[in-house]
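A.B. asks: Okay, here's the prediction I keep looking at, along with the sequence it came from:
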Amino acid sequence: MEPETPSEMAPSQARDFGRALCVITGASKGFGWSLAREIAALLKPGSVLLLVARSGDKLLELQADLASSEARKAGLLVRCVVADLAHKEGVESVIREVRETPGEGLDHLLLFNNAASLGDVSRYVKSFTDMAEVDSYLSFNVSSALCLTSSILGEFPQRSGLRRCVVNVSSLCAVTPFPSWVLYCTGKAARDMMFRVLAEEEPELRVVNYAPGPLDTDMHLQARSSTADPNMRKSFVDMHSQGQLLTCEQSVAKLIKVLLEDDYPSGAHLDFYDL
């Protein structure tokens, strides 16, 4: 399967996202990295691309990669925030950087809640007795997404001429239980519902929960190496050995197509394979 390019997309859709503030969490690798590279070319001059991750070295590497591209030459400002979103200070550092972007003249606000962790998949539900461990996982994977989204929307309230879009990078695990994946499934299900509620409360927002499909990333390597449930682990190993994993570029291309066509019910859970 070859990734779609903007030239292959439906002619009825928008060709770019205008002059935008685009925030991507978890941008230092995998899906977030590919998303940053692909979306940069679809932001008009004067746009700001804000990249957030815990790895400063990887963010600088991505920034340098974007700096050599045509998108950067066209007037895209790329800023990096090294932040651990598991902690209040990390979320606040992103908000401080967002406040440095003036809202006047912006056509689009795009927030991609991509940062997430798999959690310990080597154990079953009955072994999770430590509340501090569970709280730490949920803080990074759920609480930070809620507080970051709410804060950014507060900085850029609804106004005429500004289109606001919030994307939650979801998973099949948000709707299907995976044995020995209690933390990940719980976090993804909570995030999906969180953004469904947001869509109900803020009808002028565009909100989507996007499940990118099985990606060839470090997270999938962890899944096929560490998953406790033998049937689940075998399915992940087989998926990899049989070449059934998607590239991040393939999945990103489909998400961008969905956003540009803008023809989805706000708050919907959209899976790569259903589009």
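C.D. replies: Arrived safely, thanks for sending. Residues are numbered from 1 along each chain as shown.
A.B. asks: Just the strands from the stretch 1-150 of the chain, written as ranges.
C.D. replies: Using DSSP state E, counting those that start in this stretch, the strands of the stretch 1-150 of the chain run over 20-25, 48-53, 77-82, 108-113.
A.B. asks: Kindly present these as a markdown table, with separate columns for mean neighbour count, distance to residue 201 and mean pLDDT.
C.D. replies: (C-beta placed from N, C-alpha, C; glycine too.) Shown next, in a markdown table, are the strands of the stretch 1-150 of the chain (neighbours: other CB atoms under 10 Å; distance: least, CB to CB, whole Å; pLDDT from 0 to 100):
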| stretch | mean neighbour count | distance to residue 201 | mean pLDDT |
| --- | --- | --- | --- |
| strand 20-25 | 26 | 20 | 98 |
| strand 48-53 | 25 | 24 | 97 |
| strand 77-82 | 18 | 27 | 96 |
| strand 108-113 | 24 | 16 | 98 |
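A.B. asks: Pipe those into CSV and attach distance to residue 130 per row.
C.D. replies: Shown next, in CSV, are the strands of the stretch 1-150 of the chain (distance: least, CB to CB, whole Å):
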stretch, distance to residue 130
strand 20-25, 26
strand 48-53, 27
strand 77-82, 28
strand 108-113, 26
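A.B. asks: Centre of the chain to the lengthiest helix in the chain, how far?
C.D. replies: Using DSSP state H to assign secondary structure, the helix with the most residues in the chain is helix 182-201. Relative to its parent chain, helix 182-201 has a centroid offset of 13 Å by CA atoms, centre = their mean, to the nearest Å.
A.B. asks: How about residues contacting it?
C.D. replies: 113, 116, 118-121, 124-125, 128, 134, 137-138, 141-142, 145-146, 149, 166, 168, 170-171, 173-178, 205, 207-209, 266-267, 269 (CB atoms under 8 Å, 6 or more residues apart in numbering).
A.B. asks: follow-up on the earlier one: mind checking which of the strands of the stretch 1-150 of the chain is nearest residue 218?
C.D. replies: Taking CB to CB, strand 48-53 is the member of these nearest to residue 218, at 13.1 Å.
A.B. asks: Walk me through which strands that closest one pairs with, and which way each runs.
C.D. replies: strand 20-25 (parallel), strand 77-82 (parallel) (DSSP bridges).
A.B. asks: thinking again about what came up before, out of the contacts of helix 182-201, which are buried?
C.D. replies: Buried residues within the contacts of helix 182-201, counting neighbours by 16 or more other CB atoms under 10 Å: 113, 116, 118-121, 128, 137-138, 141-142, 145-146, 149, 166, 168, 170-171, 173-174, 178, 205, 207-209, 266-267, 269.
A.B. asks: How about residue 17, nearest residue that isn't a chain neighbour?
C.D. replies: residue 108 (4.8 Å; CB to CB, 6 or more residues apart in numbering).
A.B. asks: Beta-bridge partners for that neighbour, please?
C.D. replies: residue 20, residue 163.
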